[in-house]
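Asks: got a sequence here, can you build the structure:
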Amino acid sequence: MAASPNPTTQYTSEQFVESCGAILFDLSSENKTVCLIHYHAKNEWLLAKGRRNCGESRHEAALREVHEETGYQARLHPVTMHTRAPPMDEQGHMPDKPRSYPALTEPFMVTMRQLGGEGVDEIKIIWWYIAALDGGAVAGSAGPAEEEFTPEFFSLGEAVEKLSFENDRAVLRKAISLVEAR
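Replies: Modelled structure (predicted):
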């Protein structure tokens, strides 16, 4: 039996965890802001994300995690973006190449993070979405969030600088570019 010509890594369910997160924007004014969470235990500024529960869709997990960690109700925010996925009404074979589609609420980025130390073959897969405050929600009026986090809205540029990790900054920069392109 032949092996795939493409480099391939496979993981069993014991070796991977799937997480989902969303970049939460307040788009209610011309001066857009984005919500970060301050993780008290490590004094880190992060993006809201967490593990997907069994039977839960990725987008449901992303919105649930945003609500749990920030206290804000959110909705997925449609953006125009490039994706390799074919359109919902695909007719026949379409070449596997990026195409631009308007009003998508699909993940705009995925992060693959190795877990454990040397010789540990485990991975965290993080699916990233773009979200906006639900209509009527106002930045600063969150419900209760998980105790270890404090949510705070920042201007877009300030949020990029505030994040503790460069990988999160790359995710946020991409989200900002998609939201600003509208």
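
Asks: now the helices for the protein?
Replies: Taking DSSP state H as the criterion, the chain carries its helices at 58-70, 156-162, 166-180.

Asks: between those helices, which one is closest to Glu44.
Replies: helix 166-180 (9.4 Å; C-beta to C-beta). For every residue, glycine as well, the C-beta is placed using N, CA and C.

Asks: can I get the helices of the chain in TSV with mean pLDDT and distance to Pro7?
Replies: Shown next, in TSV, are those (pLDDT from 0 to 100; distance: least, C-beta to C-beta, whole Å):
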stretch	mean pLDDT	distance to Pro7
helix 58-70	97	25
helix 156-162	98	32
helix 166-180	98	22
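
Asks: just those: most buried one?
Replies: When the helices of the chain are scored by mean count of other C-beta atoms under 10 Å, the highest mean neighbour count falls to helix 58-70 (a mean of 21).

Asks: the strands in this protein, which residues?
Replies: Ranges of strands within the chain are 16-26, 33-39, 44-46, 49-51, 74-76, 79-83, 99-104, 109-115, 122-133, 149-155, based on DSSP state E.

Asks: list of residues touching the last one?
Replies: It stands for strand 149-155. With contact meaning C-beta atoms under 8 Å, 6 or more residues apart in numbering, strand 149-155 is reached by 26, 31-40, 48, 69-72, 139-140, 142, 145, 162.

Asks: going through those, which ones are buried?
Replies: 26, 32-39, 48, 69-72, 139, 142, 145, 162 (16 or more other C-beta atoms under 10 Å).

Asks: okay, now the unreliable bits of the protein?
Replies: 136-137, 139-140, 182 (pLDDT under 70).

Asks: just to revisit the earlier point, with distance to Pro98 added, can I get the helices of the chain in TSV?
Replies: Shown next, in TSV, are these (distance: least, C-beta to C-beta, whole Å):
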stretch	distance to Pro98
helix 58-70	20
helix 156-162	25
helix 166-180	14
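
Asks: give the contact list for the residue nearest the centre of the chain.
Replies: With distances taken as C-alpha atoms, centre = their mean, the residue of the chain nearest its centroid is Trp128 (2.1 Å). The contact partners of Trp128, by C-beta under 8 Å, 6+ apart, come to 20-23, 47, 49, 62, 107-111, 171, 175.

Asks: 10 Å instead, please
Replies: 19-23, 47, 49, 58, 62, 107-111, 168, 171-172, 174-175 (C-beta atoms under 10 Å, 6 or more residues apart in numbering).

Asks: please apply the same query to Leu46.
Replies: Taking C-beta under 10 Å, 6+ apart, one finds 21, 36-39, 69, 149, 162-165, 168 in contact with Leu46.

Asks: and the gap between it and Thr150?
Replies: Separation of Leu46 from Thr150 (C-beta to C-beta, to the nearest Å) stands at 11 Å.

Asks: lovely, talk soon.
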